[in-house]
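[1] my questions are about this predicted structure, shown below with the sequence.
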Amino acid sequence: MKNQLTRRQFVQTSAGLAALASNPYWMTSRSQAEESKNERPLIGAIGLGGQGTGDASRASKYGDIVAVCDVQRQHAERAKEKFGGKAEVFEDYRKLLDRKDIEAVTIGTPDHWHTEIALAALDAGKHVYCEKPLTLTIDEGKQLVAMVKKTRKVMQVGTQQRGDQFKLFGRAVATVRSGQLGKIKKVTVQLPLSTEQGGPFAAQPVPDGLNWDFWLGQAPEVDYCPERSHFRFRWWYEYSGGIATDWGAHHMDVAHWALDVETSGPLTIDGTATKLPEIADGFNTPKFVTVDYLYPGDVHLQMHARPPGDEGVLFEGEKGRMFVNRGRITGKPIEEQDADPKLKESIMAAVELLYKGNTAKMGDHMGNFFEAWKFGKWPISDVVSQHRSVSACHLGNLSIRLKRKLTWDAAKEEFVGDSEANSMLKRAQRDPYKIRSVG
């Protein structure tokens with residue numbers, strides 16, 4: 001990705017707009033014809049469980065929800081009523097994407113469906129807001145990056161800590177990048193202990209209104225049981241990556257953002273301290289996750305599960321420590337800023353610079369998405385950075401499952417001298433739901 005222009009480079013160059021014009025990730029804005037045709041763009045919502053409906057609700061502030069899609073009929077019908085009763089209802093996302101008048105879609109499906117639906121939407125000329133974690137595998141992320149490059153459409157990922165909680169996480173990132181903590185020695189990505197454990201679970205009849213085969217998609221064919229669907233799908237490796245990708249997608253992203261490795265990754269990964277569940281036909285992602293990473297600059301990053309309330313990111317540098325989560329930001333550097341108005345002002349000015357070249361929408365993650373494709377700018381949670389941060393989570397899961405330390409070449413996005421590990425960068429897929437490849 002030699003021609004890629006990072007957000008920081010955009011800010012630092014006075015010729016930023018000219019440089020972006022030749023950047024393969026440059027996003028084209030809406031034309032004047034599109035603007036005059038409809039001041040409120042038309043939106044399709046795909047996947048309408050709790051989070052998906054929430055995403056659609058936030059999108060409805062900026063556009064009109066004219067189509068809803070879910071393999072659970074009741075979810076789609078409920079969403080239709082929520083958004084005024086006029087939206088067209090679909091079970092098959094491909095039919096929704098056939099509507100030429102829809103400019104953008106929200107994707108709130110289970111994780112294993114994110115990539116194929118996003119690829120199809122981008123290929124159909126739609127802008128995409130997709131829930132986290134972005135992908136199920138590292139290869140899927142590479143396909144998404146390639147499709148965004150090919151179509152020049154905007155893709156925003158729902159790691160809203162970059163947007164909705166910018167006063168906390170943006171401040172933490174700016175503080176680390178300012179050097180106030182000195183050289184960073186260790187970063188701890190602290191995940192909540194919310195993973196469910198249990199099984200085996202008995203097969204049950206498929207509920208009325210649910211297309212179970214379509215729900216499974218590319219994943220292996222199995223009998224229905226309620227523990228595999230809705231919120232609890234995330235504790236099955238077939239459909240997600242457990243807590244490592246569920247919350248890791250949020251907090252690993254903050255760590256990458258602060259360390260300025262948004263287009264890179266770790267050098268080594270060691271998840272051998274984590275034990276996998278041994279119950280057959282039950283939840284199969286670990287609750288007590290510990291993965292140690294080595295990043296460039298001799299930075300030790302540890303992903304580790306902690307008691308509820310302690311989840312967040314802890315930065316430790318030569319000059320101090322700082323902790324941040326969705327409720328607070330604490331530590332000596334923050335105390336110094338609060339005691340020195342000029343220092344705090346400079347840090348908060350640096351926070352604003354993190355968003356320059358993106359949009360002015362700070363504190364509104366969905367608004368940032370709409371503003372990005374309306375004015376041809378980068379979204380704050382772009383496909384490249386989010387592919388790389390969730391890739392680090394996937395790498396941890398692969399080390400856990402292989403039960404050995406791994407060495408990673410971030411430039412080539414492959415393991416060094418490990419054909420077995422490289423074979424796991426993608427997964428076997430079931431017909432007829434195989435994910436398309438971007439040529």
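    Structure received. If you're wondering where the values come from, they're calculated on a predicted model, not measured in any experiment.

[2] mind picking out the helix or strand in the protein with the poorest mean pLDDT?
    One helix or strand of the chain scores below all others by mean pLDDT, DSSP states H and E: helix 16-21, with a mean of 34.

[3] export the host helix or strand of residue 421 to CSV, keeping only CA atoms.
    Taking DSSP states H and E as the criterion, residue 421 maps to helix 419-423. Taking Å, rounded to 0.1, in the frame of the first residue of the first chain, the C-alpha atoms of helix 419-423 are listed here in CSV:
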residue,chain,number,x,y,z
SER,A,419,2.5,-22.8,6.8
GLU,A,420,0.0,-24.2,9.3
ALA,A,421,-0.7,-20.8,10.8
ASN,A,422,-0.8,-19.2,7.3
SER,A,423,-3.5,-21.7,6.3
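
[4] work out the gap between that helix and the centre of the chain.
    Distance, stretch centre to chain centre, for helix 419-423: 24 Å (Cα atoms, centre = their mean, to the nearest Å).

[5] which elements pack onto it?
    Packing partners of helix 419-423 (3 or more Cβ pairs under 8 Å, 6 or more residues apart in numbering; DSSP states H and E): helix 383-402, strand 414-415. Bear in mind the C-beta positions are built from the backbone N, C-alpha and C, glycine included.

[6] try 6 Å
    Identification of packing neighbours for helix 419-423 by 3 or more Cβ pairs under 6 Å, 6 or more residues apart in numbering; DSSP states H and E yields strand 414-415.

[7] distance from the chain centre to the strand it packs on, please.
    Here strand 414-415 shows a centroid-to-chain-centroid distance of 21 Å under the convention Cα atoms, centre = their mean.

[8] before we move on, what about stretch 89-102?
    For stretch 89-102, the distance to the chain centre is 23 Å (Cα atoms, centre = their mean).

[9] equivalent analysis for stretch 132-149, please.
    That offset, for stretch 132-149, works out to 10 Å (Cα atoms, centre = their mean).

[10] then stretch 229-247?
    Worked out by Cα atoms, centre = their mean, stretch 229-247 lies 14 Å from the chain centre.

[11] CA atoms only: put it into CSV for me.
    Extracted in CSV, the C-alpha atoms of stretch 229-247 (Å, rounded to 0.1, in the frame of the first residue of the first chain):
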residue,chain,number,x,y,z
SER,A,229,-28.0,-17.1,17.8
HIS,A,230,-28.7,-13.5,18.7
PHE,A,231,-26.3,-12.0,21.3
ARG,A,232,-24.8,-15.3,22.3
PHE,A,233,-23.4,-16.1,18.8
ARG,A,234,-20.2,-14.3,19.8
TRP,A,235,-19.1,-17.1,22.2
TRP,A,236,-18.9,-19.5,19.2
TYR,A,237,-15.7,-19.5,17.2
GLU,A,238,-17.7,-20.5,14.1
TYR,A,239,-19.4,-17.1,14.0
SER,A,240,-17.1,-14.7,16.0
GLY,A,241,-13.8,-14.5,17.9
GLY,A,242,-15.2,-14.4,21.5
ILE,A,243,-14.3,-11.6,23.8
ALA,A,244,-10.9,-11.1,22.0
THR,A,245,-12.7,-9.6,19.0
ASP,A,246,-15.9,-8.4,20.7
TRP,A,247,-14.3,-6.0,23.1
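
[12] much appreciated, bye for now.
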